[in-house]
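Chemist: Build the 3D model from these lines:
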Amino acid sequence: MSFFYNNIGDTMTIYIDVVLILNFVIDMLLIIGVDMLLKRHTKFRKIIISSLIGSLSTLLLFVIKGSLWMFMYKLVISIFLVIIAF
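Modeler: Predicted structure coming up:
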């Protein structure tokens, strides 16, 4: 997708695969960190599934335009990820 512009006006390319992989890794590290902080022993499979859903949910962030809808979407997805992981 090249509809994002920088300061000069040139288009920037966003690689969806890089966005998905980075988001997956960051989601997984955050969930593992919370798991360790709460001293819970969550199955790694649940952490992977939750991170995968969180990563795939970033695709809709390019579609949603309104700030209220964006906030509601992020809130619902965050609650959903916590329910799946724990």
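
Chemist: which parts of the helix or strand containing residue 18 are buried?
Modeler: Under the criterion DSSP states H and E, the helix or strand holding residue 18 is helix 16-37. Applying a neighbour-count criterion of 16 or more other CB atoms under 10 Å, the buried positions in helix 16-37 are 23, 24, 27, 28, 30, 31, 35. Heads up, the C-betas are built off the backbone N, CA and C, glycines and all.

Chemist: Give me the residues contacting that helix.
Modeler: Residues lying outside helix 16-37 but in contact with it, judged by CB atoms under 8 Å, 6 or more residues apart in numbering, are 1, 41-42, 47-48, 50-52, 54-56, 58-59, 81, 85-86.

Chemist: quick one: average confidence on that helix?
Modeler: When the per-residue pLDDT values of helix 16-37 are averaged, the result is 94.

Chemist: Distance from the helix or strand following that helix to the middle of the chain?
Modeler: Scanning the chain past helix 16-37 towards its C-terminal end, the next helix or strand to appear is helix 44-56 (assignment: DSSP H and E). Using CA atoms, centre = their mean, to the nearest Å, the distance from the centre of helix 44-56 to the centre of the chain it belongs to is 10 Å.

Chemist: Show me which positions of helix 44-56 end up buried.
Modeler: 47, 50, 51, 52, 53, 54, 55.

Chemist: so who does the first one touch?
Modeler: Applying CB under 8 Å, 6+ apart, one finds that residue 47 lies in contact with 28, 31, 32, 35, 85.

Chemist: how near is it to residue 20?
Modeler: Residue 47 sits at a distance of 17 Å from residue 20 (criterion: CB to CB, to the nearest Å).

Chemist: And for the fourth one?
Modeler: Using CB to CB, we find residue 52 at a distance of 9 Å from residue 20.
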